[in-house]
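A.B. asks: what's the 3D shape of this:
(one chain, ligands or ions: 2)
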Amino acid sequence: MPTEVIQVNSVEPDAAAIARAAAVLRQGGLVAFPTETVYGLGANALDANAVARIFAAKGRPPINPIIVHVTDAIQAQQLATAWPDSAQRLADRFWPGPLTLVLPRREIVPDIVTAGGPTVGLRVPAHSIARALLAAADVPIAAPSANPSTGVSATRAEHVLRGLGDRIDLLLDGGPTSGGLESTVLDLTTTPARLLRPGLITAAEIEAVIGPVARRGGQASAESETLRSPGLLARHYAPRTVLECVEEGSNRAVELCRLGLRVGWLAFGKTQTLQHEGLFVVLMERDPARYAADLYAQLHALDEAGVDRIVVTLPPDSEAWTAVRDRLRRASSP
Ligand code: TXA
Ligand code: MG
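C.D. replies: Ligands and ions are numbered 1, 2, ... in the order given. Now for the predicted structure:
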């Protein structure tokens, strides 16, 4: 069956469209919808069969747990056996918003959602379409990013359709998402809390609310990190085209062109004037939030353009750029 697509106003979502999507969810179907980060591929989180369809559609390994989206902190507490003071403070400060809290799960959460593990990732999205859908469906919504496993997340409806084609029942097209990178994932089951995935909310912002947070260590801890949060698998968020990262000032993109490759180059200022046959320069903004909002759309576009190689000039190694650099590192991992 072809995917049904409904355009929805992202400020005031049309009630009939939301009711239709809620009905599909309640019947065990898959609905792709925008959040403030990326598009999610949603199913009723309490329906194990529906969630199994998410894994099938994405080709997602069964060891990778799925984030459960809820309407508010009250509904979050119905899915977790513990609600520490830190959770309340973070919810007060950042929800609705791009922060996922990992907490001990209740029995009601099906095994398939948590990949059989003892914890569940919970988040209250800020996007009005996501919020309207949660309210209308009246069930928590399990939703990973709406892309084939390990690929680039979808920040526009067309990315969802291209990646998941006919494997979903309904797509709510609310236009481009504003955030552009996935939520920050924070494990509250350890002391201190532990950053599992950097995202739009930085570790420093979290520390300002709950005190010290364990950041990710070096290579030594890589294996245990992967087990804790399989989204940390080295290759992830990757375009089909081979992507390599270079430091600012590198001439790598032009060198590759000289070898006869068609190269897409995500660069900063100045390089703009560079011209070479087969070189497609995309000028990125030097502002982390704007860069994040634009990155995946540019990677999807270069994939579609069929270039031979994508070269990305790395942004500065500073806290504000942590999430962007994390995604670029994983996208370039062999
Ligand atoms: O912004 C987002 O988080 C988007 C939107 C749709 O909400 N969702 C998203 O989901 O990026 P996904 O499945 O692509 O990434 C979820 C990440 C994965 O790295 C997964 O391993 C981790 O969160 N995760 C989910 N539940 C977890 C749990 N119980 N314990 C540890 N990590 C968990
Ligand atoms: Mg994902």
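A.B. asks: Now stretch 312-328 - C-alpha only, PDB.
C.D. replies: Extracted in PDB, the C-alpha atoms of stretch 312-328 (Å, rounded to 0.1, in the frame of the first residue of the first chain):
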ATOM      1  CA  VAL A 312      33.000  18.200   5.400                       C
ATOM      2  CA  THR A 313      35.100  20.900   7.000                       C
ATOM      3  CA  LEU A 314      34.900  20.300  10.800                       C
ATOM      4  CA  PRO A 315      33.600  23.000  12.900                       C
ATOM      5  CA  PRO A 316      35.600  24.100  16.000                       C
ATOM      6  CA  ASP A 317      36.200  21.500  18.800                       C
ATOM      7  CA  SER A 318      34.100  23.400  21.400                       C
ATOM      8  CA  GLU A 319      31.100  22.500  23.600                       C
ATOM      9  CA  ALA A 320      28.600  24.300  21.400                       C
ATOM     10  CA  TRP A 321      29.600  22.100  18.400                       C
ATOM     11  CA  THR A 322      29.700  18.700  20.300                       C
ATOM     12  CA  ALA A 323      26.600  17.200  18.800                       C
ATOM     13  CA  VAL A 324      27.400  18.300  15.200                       C
ATOM     14  CA  ARG A 325      30.900  16.900  15.500                       C
ATOM     15  CA  ASP A 326      29.600  13.700  17.000                       C
ATOM     16  CA  ARG A 327      27.300  13.100  14.100                       C
ATOM     17  CA  LEU A 328      30.000  14.000  11.500                       C
END
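A.B. asks: for that stretch, which positions count as buried?
C.D. replies: For stretch 312-328, the neighbour count (16 or more other CB atoms under 10 Å) marks 312-315, 321-328 as buried. C-betas here are computed from N, CA, C, even on glycine.
A.B. asks: check contacts around the residue nearest to Thr150 when sequence neighbours are not counted.
C.D. replies: Leaving out its chain neighbours, the residue that sits closest to Thr150 by CB to CB, 6 or more residues apart in numbering is His236, at 5.3 Å. Contacts for His236 were tallied using CB atoms under 8 Å, 6 or more residues apart in numbering; they are 150, 330-331, 333.
A.B. asks: part of a helix, is His236?
C.D. replies: No. Using DSSP: H, G, I helix; E, B strand; the rest coil, the assignment for His236 is coil, not a helix.
A.B. asks: And the pLDDT for it?
C.D. replies: pLDDT for His236: 81.
A.B. asks: Likewise for the one 4 residues further on?
C.D. replies: For Arg240, the pLDDT comes out at 93.
A.B. asks: Of the contacts of His236, grab the buried ones for ChimeraX.
C.D. replies: Filtering the contacts of His236 down to the buried ones (16+ other CB under 10 Å) takes a single ChimeraX command:
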select :150,330,331
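A.B. asks: would you turn the contacts of His236 into CSV with secondary structure?
C.D. replies: Below are the contacts of His236 laid out as CSV (three-state DSSP):
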residue, secondary structure
Thr150, coil
Arg330, helix
Ala331, helix
Ser333, coil
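A.B. asks: between the contacts of His236, which is nearest Thr190?
C.D. replies: Of all the contacts of His236, the one with the least separation from Thr190 (CB to CB) is Arg330, at 22.6 Å.
A.B. asks: Wait, the closest one touches Tyr237, no?
C.D. replies: Yes. With contacts counted by CB atoms under 8 Å, Arg330 reaches Tyr237, the gap being 5.1 Å.
A.B. asks: and the chain, which of its residues are near ligand 1?
C.D. replies: Residues of the chain found near ligand 1 (CB under 6 Å from any ligand atom) are 35, 37-38, 40, 64-67, 98, 100, 102, 114, 117, 119-121, 143-145, 182-183, 185, 196-197, 228-231.
A.B. asks: can you tell me which of the residues you listed are in strands?
C.D. replies: If you go by DSSP state E, the residues of the chain next to ligand 1 have 40, 100, 102, 119-121, 185, 196-197 in strands.
A.B. asks: Let's see the PyMOL selection covering just the buried ones among those.
C.D. replies: Applying 16+ other CB under 10 Å to those leaves a buried subset, and the PyMOL line that selects it is:
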select buried, resi 40+100+102+119+120+121+185+196+197
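A.B. asks: Between the ones in strands among the residues of the chain next to ligand 1, which sits nearest Thr3?
C.D. replies: Nearest to Thr3 among these, counting by CB to CB, is Gly40 at 14.9 Å.
A.B. asks: how far away is the closest residue to the closest one other than its chain neighbours from Pro34?
C.D. replies: Sequence neighbours aside, Ala143 is the residue nearest to Gly40 in space, at 3.3 Å (criterion: CB to CB, 6+ apart). Ala143 is 11 Å from Pro34, where distance means CB to CB, to the nearest Å.
A.B. asks: Many thanks, we can stop here.
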